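Enquirer: The amino acid sequence is not available; the structure is as follows:
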């Protein structure tokens, strides 16, 4: 036992703006031994998600910051190696909230056993896990799309946006994605079935988006902020809904952008168009609603109505680079790290 | 008949920034004669409300602009002078959507007969009319205050804000008003029963507001925008609700304010605190909901649980000055013009 190694990635320093490789450090430690009532988990897949950027900084947010020298946290799919717990057996595969490392101790709290027949266990980190639940709750409970309405979603090829758009199509909406690059846009339309997709790097982005939504925008699923939101705001319809799920364009901000101050412009739009803008954090909503999501989404995935593309990084040591790439939009699909087979 | 005069106030020119007296012109016309099915109304009281500023400008808003040379519109309490309509008799007193003038023709559409025993018919323009309905709907349907929560309302001595705060007190909330000047603040606390009121002219306004809401803010009823909202934003609690009813600080803006751009700051607060910010326009909500409002509010007014202070301008010719004063916050209570006895 003591000869095995637990590799782990800790927060070495806090980023000033965009994270750099030096903010992370790969360490080695002994593999821990489970006490009575505990399990030893072998992490197989690690989920990388934009919200983790927030945890790298100090200061108030909706998740506590990671301490300097602490292991970075994240969702995992893991295999039970040793069980001193009556509910789990070696070989069980579970979804867990773990860390960027090879092995975890667990007392079983929060573990979700996965069906061993599942063709893609890593889907528990995407379409059948937190990002899928985020898309499902945010679009349906806050966005409240109605058939015939126009739904616009940014980060349309990403883990959340791709699912938002596919659900909106199921609900009979016209769906316009926004993504970074022609290849992503082609995928969003050809593979995911969106009605259109606009490249946010297009120099005429705002005009192109406007042309793609001749009836205006009824639901804008906000993942991004920044220039994308600036282009969306004048196109929002009366009684539009804006679920605010993420603001990746601002996660690396170290100060407020230069003026003019567009806050009054937003307030005025909210007032005159009776817009509802509402933030949400999916961790507030686990419980019965998650089970309902899982039931419905498993059906859609099984029927091929909702697809997901994974962007898999090989090896725990490549997690920092994959995470930095995610914040820069260099990924193509849901970013997952394969830690072990 | 033809010797009588119908005085009326028309929009002479569009304001550039704050309205000035020259934007209005008092004209005289003949009193019109009602055709079959029509009524001649004598306007007794005219309501002046901040939303009218929007109608003086061109450009998209939620109400159509008044044309140059057209009579300014507004809610009135009026007496039927001549009736060629089976449902009305001379002497009936009605609430109407009329104009800034002595006489109106009407075909009866939208008229609401008032109880002749009503001690204050002008209340149909305030606590029992549009501003009261605005307060009631915005606070209860969007703000959803719960007993023990903290509710903050700006323009706390005004037609809408004063009612918002009194309803919130009825619902068991801690209520903090914001008003312009010590006399208004004293009135809000001593007469209306708010728990506290902060003078927005206080040089330490932001710190004083913070000290007045030790549990943070659960509902902020937005009437103002500008520096008041800047002070409120960091005090909003997780799951706060922000009904957006008005933005009087910005109605005279001719350009966006200088930077930095605080829009991303607002978005970030909406996300991390799961805030719901929602605009509304009360004209969307008339119908059965208005009757329910009228029933409940009449009870509260009768029991003395909701009070209103009127700031009455005498004479139609003084309507422009009273309106300019309203936008500058020089009124004290609901602004009504007495046109005739």
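Expert: Alright, I've got the coordinates. All values derive from a computational prediction rather than experimental measurement.
Enquirer: separation between the residue in the stretch 1-150 of chain A positioned nearest to chain B and residue A:136?
Expert: Closest to chain B within the stretch 1-150 of chain A is residue A:62: 4.7 Å, counting by CB to the nearest CB. Any C-beta I mention is one placed from the backbone N, CA and C, and that applies to glycine too. Remark: distance between residue A:62 and residue A:136 (CB to CB, to the nearest Å) = 19 Å.
Enquirer: okay, these two: which has more neighbours?
Expert: Neighbours were counted for residue A:62 and for residue A:136 using other CB atoms under 10 Å in any protein chain shown; residue A:136 has more, 26 against 16.
Enquirer: Okay, and the more buried one sits in which element?
Expert: helix A:130-137 (DSSP states H and E).
Enquirer: Mind listing residues that contact the helix or strand just after that helix?
Expert: Sequence-wise, the next helix or strand downstream of helix A:130-137 (DSSP H and E) is strand A:150-153. Residues outside strand A:150-153 that contact it (CB atoms under 8 Å, 6 or more residues apart in numbering or on different chains): A:139, A:143, A:145, A:161, A:164-165, A:168, A:173-178, A:209, A:213, A:215-221, A:223, A:232, A:235, A:237.
Enquirer: same question, stretch A:334-341
Expert: A:42-49, A:76, A:100, A:102, A:122, A:125-127, A:131, A:158-159, A:162, A:308-316, A:318-319, A:322-323, A:325-326.
Enquirer: neighbours of the residue of chain A found nearest chain B, just the number please.
Expert: Proximity of chain A to chain B (CB to the nearest CB) peaks at residue A:259, 1.6 Å away. Look at residue A:259: counted by other CB under 10 Å, it has 13 neighbours.
Enquirer: next one: the one 3 residues further on
Expert: For residue A:262, the tally of surrounding residues (other CB under 10 Å) stands at 21.
Enquirer: and it, what are its phi and psi?
Expert: phi -90, psi 0 (degrees, to the nearest 10).
Enquirer: returning to that earlier point: buried subset of the contacts of strand A:150-153, written for ChimeraX?
Expert: Buried subset of these, written as a ChimeraX selection, criterion 16 or more other CB atoms under 10 Å in any protein chain shown:
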select /A:139,143,145,161,164,165,168,173,174,175,176,177,178,209,213,216,217,218,219,220,221,223,232,235,237
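Enquirer: So, low pLDDT: which residues of chain A?
Expert: Chain A contains residues with pLDDT under 70 at A:1-3, A:60-61.
Enquirer: Show me which residues of the stretch 201-341 of chain A sit near chain B.
Expert: A:222, A:225-226, A:229, A:238, A:244-247, A:250, A:253, A:255-281, A:284 (CB under 8 Å from any CB of the partner chain).
Enquirer: and these, which are buried?
Expert: A:222, A:225-226, A:229, A:244-247, A:250, A:256-257, A:261-281.
Enquirer: Give me the subset of these lying in helices.
Expert: Among those, the members found in helices (DSSP state H) are A:226, A:229, A:263-272.
Enquirer: Scan chain A for its longest helix.
Expert: Counting residues, the longest helix found in chain A (DSSP H) is helix A:288-302.
Enquirer: mind listing what the next helix or strand after it pairs with, with the direction of each?
Expert: Downstream of helix A:288-302, the next assigned helix or strand under DSSP H and E is strand A:310-314. Using DSSP bridges, strand A:310-314 pairs in its sheet with strand A:334-338 (parallel).
Enquirer: Distance from the partner strand to the middle of the chain?
Expert: 11 Å (CA atoms, centre = their mean, to the nearest Å).
Enquirer: Now do the contacts for residue A:16.
Expert: The contact partners of residue A:16, taken as CB under 8 Å, 6+ apart, are residue A:254.
Enquirer: Check which helix or strand it maps to.
Expert: Under DSSP H and E, no helix or strand contains residue A:16.
Enquirer: Tell me the secondary structure at residue A:163.
Expert: Reduced to three states with DSSP: H, G, I helix; E, B strand; the rest coil, the structure at residue A:163 is helix.
Enquirer: let me fix that: residue A:50
Expert: Under three-state DSSP, residue A:50 comes out as coil.
Enquirer: May I have the beta-bridge partners of residue A:198?
Expert: Under the criterion used here (DSSP bridges), residue A:198 is bridged to residue A:178.
Enquirer: which residues does it contact?
Expert: A:176-179, A:185, A:205, A:208-209, A:212.
Enquirer: can you do 7 Å?
Expert: A:176, A:178, A:205, A:208-209, A:212 (CB atoms under 7 Å, 6 or more residues apart in numbering or on different chains).
Enquirer: same deal with residue A:113?
Expert: With CB under 7 Å, 6+ apart, residue A:113 has these contacts: A:92, A:94.
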